[in-house]
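model this:
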Amino acid sequence: MIYFTEIEKVPAFDAKGEYLGRVADLAVAPSQNPLRVAAYHVKTPKNSILCITHDQVQSISVRQIQTGVPAALIRCYAPDEGLLKVRKNVLDQQVIDVNQRKVVRVNDVDFDIQPTNGHSELRIMAVNVGLQSAVRRLLQGLVAKHTIRTVAHLFPARTIPWEFVNLIEPDPARRLRLRISYDRLGELHPADIADILEELSRDEQKSVIESLDEETAAQALSEIPTRMQAAILESIHPEKAADLVEEMAPDEAADVLHELPPETSAELLEDMGKEEAKEVRELLGFEEKTAGALMTTELIMVGEAATVEGAIAAIKHFEGPLESVHVIYLVNDGGVLSGAVPLARIVLADAGTPLKELSTDPVISVEADADQKAVVDLFHKYNLVALPVVDPKGHLLGVVTADDVLEVVMNRG
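Prediction:
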């Protein structure tokens, strides 16, 4: 094992022993081999940069790098956006530890020296983010390297295997060239992705959101504060932003559109699908901090003559988030709320049982213009998990769920 801070500034010599300069950086070419150091950038006494390719390196140690070719065969460095540079792009940068689900800052990078076809190669193994690597960096150049290792090992180490590291690159074109993928990040729970987003800068947030699939990105956005949602949506392309808002629950989409400038909200609604935009526009029509503004229109309702079999069919065809469905609502031919059946009762009943027989009595509901306090009080009084919202004539408009009420209570506190 050898560390970047031990290699940085070590002298480099050619095959004849001629001094070339000191190591300034190491470069990885992800398109060729994402683990191998492809080039060693060496700063000469005249301040120019030489590029020693991996197959030109004879030996590597904490004391020096020796090439297997004369200086005449070593080319000068030419900028290449397809290279990932350890000093420039990794060291001291924030990266995402997808295993521990958080953002960390890199103090050092660990490499393994591997003999390959008569020369030596460096393979990137992990990034170091613990106190041990911080001590090692602090002492570099002050005492002998073997002493630094001895002292540093007195402190706890914390490394992240390279495969669990997600680099953050705001430039989409360069992200593609470096083959930076957020596939592993996309496998995390949306709440964990949200925690990570809250630790990033706006450009870094934009980078992550643009790289995730729309469903995952929308779920993660829904977990962060509404003002931050709005800021991120304003930072990305309007079409992408509209796609994300379309994926969000209607009530959450309405909340974030409330935060955006009117012209931006109008543009996003215009780019959304007609049905989704219609639902969100309806919710935007309710005053803030009312039951209407809190509710979602994603619910399951059936005719009051329906049976358990019909309810199960409705559940199978429901396109919204099933985890938010706790009750099936019954309405008469005029759309007036007439019953509410908890899912638990449906599961235990025979297929032919009329839902009306399973409905709670009385049905607790709230009018759309009721304030948030009235909604919270009803949840508390009746120990509800969902509360149907109706208009003055009793027509079912939507439902307020427990998570919406919890958010109101937390914000109030």
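
what bridges to Gln94?
Arg105 (DSSP bridges).

Identify the residues contacting it.
Gln94 makes contact with Val103, Val104, Arg105, Val106, Ile168, Glu199, Leu200, Glu204, according to C-beta atoms under 8 Å, 6 or more residues apart in numbering. C-beta: built from backbone N, CA, C; applies to glycine.

pLDDT score for the third one?
This means Arg105. As predicted, Arg105 sits at a pLDDT of 90.

Tell me the spatial nearest neighbour of Ala218, not counting adjacent residues.
Nearest residue to Ala218, sequence neighbours excluded (C-beta to C-beta, 6 or more residues apart in numbering): Glu247, at 3.5 Å.

Next one: the one you found relative to Val400, how far apart?
21 Å (C-beta to C-beta, to the nearest Å).

Repeat that for Lys88.
In this structure, Lys88 and Val400 are 51 Å apart, going by C-beta to C-beta.

ok, now Thr264?
27 Å.

Have a look at these two and say which one is more surrounded.
For Thr264 versus Val400, neighbours defined as other C-beta atoms under 10 Å are more numerous around Val400 (27 against 16).

end to end, how far does stretch 243-259 reach?
17 Å (C-alpha to C-alpha, to the nearest Å).

That should have said stretch 205-216, apologies.
One end of stretch 205-216 to the other measures 14 Å (C-alpha to C-alpha).

What residues of it count as buried?
Neighbour counts over stretch 205-216 (16 or more other C-beta atoms under 10 Å) mark Gln205, Lys206, Ser207, Val208, Ile209, Glu210, Ser211, Leu212, Thr216 as buried.

Ok, stretch 89-100 next?
Buried, per 16+ other C-beta under 10 Å, within stretch 89-100: Asn89, Val90, Leu91, Val95, Ile96, Asp97, Val98.

same question, stretch 52-65
Applying 16+ other C-beta under 10 Å to stretch 52-65 flags Ile52, Thr53, His54, Gln56, Val57, Ile60, Ile65 as buried.

same thing with stretch 361-370?
Val363, Ser365, Val366, Glu367, Ala368, Ala370.

Kindly report the same for stretch 269-285.
By neighbour count on 16+ other C-beta under 10 Å, the buried set for stretch 269-285 is Leu269, Asp271, Met272, Glu276, Ala277, Glu279, Val280, Leu283, Leu284.

Max pairwise distance over those residues: which two?
Asp271 and Leu283 (17.7 Å; C-beta to C-beta).

After the helix or strand bottoming out on mean pLDDT in the chain, which helix or strand is next? Please name it.
Least confident element among the helices and strands of the chain, by mean pLDDT, DSSP states H and E: helix 172-177 (a mean of 67). Using DSSP states H and E, the helix or strand that follows helix 172-177 towards the C-terminus is helix 183-186.

who's in contact with that following helix?
Here helix 183-186 makes contact (C-beta under 8 Å, 6+ apart) with Ile96, Val98, Phe164, Asn166, Ile193, Ile196, Val208, Leu212, Asp213, Thr216.

Name the pair among these with the greatest separation in space.
Pairwise across the contacts of helix 183-186, and taking C-beta to C-beta, the largest span is found between Phe164 and Asp213, at 20.2 Å.

And this structure, what are its domain boundaries?
2-160, 182-285, 294-412 (automatic domain parsing).

The ones you listed into CSV, with extra columns for distance to Pro172?
Shown next, in CSV, are the domains of the chain (distance: least, C-beta to C-beta, whole Å):
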stretch, distance to Pro172
domain 2-160, 12
domain 182-285, 7
domain 294-412, 30
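
Would you map the helices across the stretch 201-350 of the chain?
Using DSSP state H, counting those that start in this stretch, the helices found in the stretch 201-350 of the chain span residues 202-211, 214-221, 226-235, 238-247, 250-259, 262-271, 274-284, 291-294, 308-317, 343-348.
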